[in-house]
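>>> no sequence on this one, just coordinates:
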């Protein structure tokens, strides 16, 4: 474990000077401070190694709404704070973007701002910091992202495989034999997991797993334009969507096409956002308890801070059945989609 003494020895300066530099003292030059921070990162030092002092946690949020109750991230942030703040931690929510990641390495950023550990929401596979986390010694928990072979990181999420199993088994029991899947772009870990889990669930339930039954695109409108005609041509009687917002977009498109949901087509979402109760018809979906996700993220982070190298923490999924699903139709309508 790297200590302040090790940084001081490496730079041939006093421990007091290192401590001042790490804490942003005004009498330390910016050049020396930067040198201390870079050396600290190089030697694997992090705030979590200090016996006293900083108890600040950073909640980085990217590609995700969190300020309104209807936003996906809102309940996660609330859950995390409910667990962290009574334990004596200050939680700082920081919107993250590509420019921040390019301008300052992750470990250096954490030291500069006196953060002990981090919880990440919404990182994409292309993010610079996601790659830097592979070798970081600063404890970090990631929602729906997995870092291999780094005992300082933990993946938190819902059991996507269980969720897909629940949805596919339910649809099969309702008589559906040809089930499609639509997803946002596969540039995120969770979208990839749900995509693979869908086909695993089809095979588990002895249903056709032809890959032409699935489609994805970053933009939901493009996803429907590209892949919905094919699914309908193949006589799919049910479609599972990787996100509730995509399922809602699909519901609207079906209304435009004159398709009756669920009489002609059953639709299942994923996440159980508040809007699911208010769509027309109300949306059947795979629920993940986002408040509990936030709490579990803090419990995982607490384990990492206490040198317990927890790798993965998954919550059980739950199928919430509403009016967007029903029995498979005896006759599948034929549509001409332009």
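Looks like it arrived, so ask away. Every value quoted in this text rests on a predicted model; they were computed, and no experiment measured them.
>>> three-state assignment of residue 69?
Assigned by DSSP: H, G, I helix; E, B strand; the rest coil, the conformation of residue 69 is coil.
>>> mind listing what it touches?
By CB atoms under 8 Å, 6 or more residues apart in numbering, the contact set of residue 69 is 75, 274. Yep, even glycine has a C-beta here, placed from its N, CA and C like the rest.
>>> quick one: it from residue 77, how far?
To residue 77, residue 69 is 11 Å away according to CB to CB, to the nearest Å.
>>> Identify the residue nearest the geometric centre of this structure.
Nearest to the geometric centre of the chain sits residue 144, at 3.5 Å (CA atoms, centre = their mean).
>>> I'd say it and residue 192 touch.
No. With contact defined as CB atoms under 8 Å, residue 144 does not reach residue 192; the gap is 10.0 Å.
>>> What are the boundaries of the helices in the stretch 51-200 of the chain?
For the stretch 51-200 of the chain, helices defined by DSSP state H, counting those that start in this stretch occupy the ranges 72-84, 98-103, 106-112, 128-132, 160-173, 189-204.
>>> for the ones you listed, which one sits closest to residue 277?
Among those, the nearest to residue 277 by CB to CB is helix 72-84 (14.8 Å).
>>> and that closest one, what does it pack onto?
Packing partners of helix 72-84 (3 or more CB pairs under 8 Å, 6 or more residues apart in numbering; DSSP states H and E): strand 56-61, strand 90-95, strand 117-121, helix 290-305.
>>> now do 6 Å
Contacts defined by 3 or more CB pairs under 6 Å, 6 or more residues apart in numbering; DSSP states H and E place helix 72-84 against helix 290-305.
>>> so how far is the lowest-mean-pLDDT helix or strand in the chain from its chain's centroid?
Least confident element among the helices and strands of the chain, by mean pLDDT, DSSP states H and E: helix 30-43 (a mean of 75). Chain-centre distance of helix 30-43: 32 Å, with CA atoms, centre = their mean, to the nearest Å.
>>> residues of that helix that come out buried?
Within helix 30-43, the residues that qualify as buried by neighbour count (16 or more other CB atoms under 10 Å) are 33, 35, 36, 37, 39, 40, 41.
>>> what angle sits between the helix or strand harbouring residue 17 and helix 30-43?
Following DSSP states H and E, one finds residue 17 within helix 15-22. Between helix 15-22 and helix 30-43, the angle comes out at 100 degrees (axes from the mean of the first three to the mean of the last three CA atoms, to 10 degrees).
>>> Other residues contacting helix 15-22?
4, 5, 7, 8, 28, 33, 36 (CB atoms under 6 Å, 6 or more residues apart in numbering).
>>> so what pLDDT did the second one get?
It stands for residue 5. Note for residue 5: predicted pLDDT of 83.
>>> neighbours of it, just the number please.
Residue 5 is flanked by 10 other residues according to other CB atoms under 10 Å.
>>> Check the gap between it and residue 126 for me.
From residue 5 to residue 126 the distance is 38 Å (CB to CB).
>>> ok, now the fourth one?
Taken as CB to CB, the spacing of residue 8 relative to residue 126 amounts to 38 Å.
>>> Of those two, give the one with the bigger neighbour count.
Higher neighbour count among residue 8 and residue 126: residue 8, with 18 against 10, using other CB under 10 Å.
>>> which residues does the more buried one contact?
Going by CB under 6 Å, 6+ apart, residue 8 touches 15, 18.
>>> Can you list the buried residues in the helix or strand hosting it?
Using DSSP H and E, residue 8 maps to helix 4-11. Within helix 4-11, the residues that count as buried by 16+ other CB under 10 Å are 4, 6, 7, 8, 10, 11.
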